[in-house]
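Q: Here is a sequence with its predicted model. Questions after.
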Amino acid sequence: MSELDQARVKELLDYDEVSGLFRWRKLTSNRAKIGAVAGGITKGGYLRISLDNHSFAAHRLAWFYTHGVMPPAQIDHINGVRTDNRIANLRLASHSENMHNSRPRNPASGLKGAYLYKKRLAAGHQRPWTSSIFKDRMRIHLGYFATAEEAHAAYGKAAAELHGQFARTV
């Protein structure tokens, strides 16, 4: 929204950089009280705040409140907690960098980068676990492994090399 400026945000909200919380300074409706924590959590787990009939992600507002410009790219929560909007926990990121810092989604192992290759398991292979990693939209196969922990270790090593500060292995 081009009409929103930092002065307007600061007129309506107080932001605590230590807690990452926004509190209402001035009310624009009768649904909240001055001093109350602003916003609500979405189905995706992010905090959103409505200002002047527009909804904003609280992490983007925190960046705007602190730096005076809306972030040009995505904002990454360094610790992976979507409601932790402390400015020290936020950094600019590309979509790819943001995805590198995501949590594991593999229910079989619970370990990021470790996947059970069911065809190899059914065929009785000694190394039924596989691991791969993405870099610049390209999948890099890291090999086959006897255990999920070995596959995860290979992923962790590759993530550190390829993704640097955005690498997340847990």
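A: Received, thanks. Numbers count the residues shown, from 1 in each chain.

Q: roughly how far apart are residue 101 and residue 162?
A: In this view, residue 101 and residue 162 are 13 Å apart by CB to CB, to the nearest Å. Every C-beta, even on glycine, is put in place using the N, C-alpha and C of the backbone.

Q: What is the least confident helix or strand in this structure?
A: When the helices and strands of the chain are scored by mean pLDDT, DSSP states H and E, helix 118-122 comes last with a mean of 75.

Q: count of residues packed around the closest residue to residue 75 other than its chain neighbours?
A: Spatial nearest neighbour of residue 75, excluding adjacent residues (CB to CB, 6 or more residues apart in numbering): residue 59 at 4.8 Å. Each residue near residue 59 was counted by other CB atoms under 10 Å, and the total is 25.

Q: likewise residue 71?
A: If we define neighbours as other CB under 10 Å, then residue 71 has 17 of them.

Q: Let's see the pLDDT reported for it.
A: Residue 71 carries a pLDDT value of 92.

Q: now the one 10 residues further on
A: As predicted, residue 81 sits at a pLDDT of 93.

Q: got it, and residue 106?
A: So residue 106 comes in at 63 (pLDDT).

Q: just so I have it, where are all the helices in this protein?
A: Assigned by DSSP state H, the chain shows helices spanning 6-12, 58-67, 95-100, 118-122, 148-163.

Q: which other helices and strands contact the fourth one?
A: Where contact means 3 or more CB pairs under 8 Å, 6 or more residues apart in numbering; DSSP states H and E, helix 118-122 is not packed against any helix or strand.

Q: Can you report how many residues neighbour the closest residue to residue 163 other than its chain neighbours?
A: Distances taken as CB to CB, 6+ apart place residue 100 nearest to residue 163, at 4.1 Å, with adjacent residues excluded. Per other CB under 10 Å, the neighbour tally for residue 100 reads 21.

Q: for residue 129, same thing?
A: Other residues close to residue 129 by other CB under 10 Å number 26.

Q: Could you measure from it over to residue 154?
A: As for residue 129, its distance to residue 154 is 10 Å (criterion: CB to CB).

Q: where in the protein is pLDDT low?
A: 1-3, 104-107 (pLDDT under 70).

Q: quick one: the strands in it?
A: Under the criterion DSSP state E, the chain contains strands at 13-15, 22-24, 40-41, 47-51, 54-57, 74-77, 90-93, 115-116, 129-135, 138-145.
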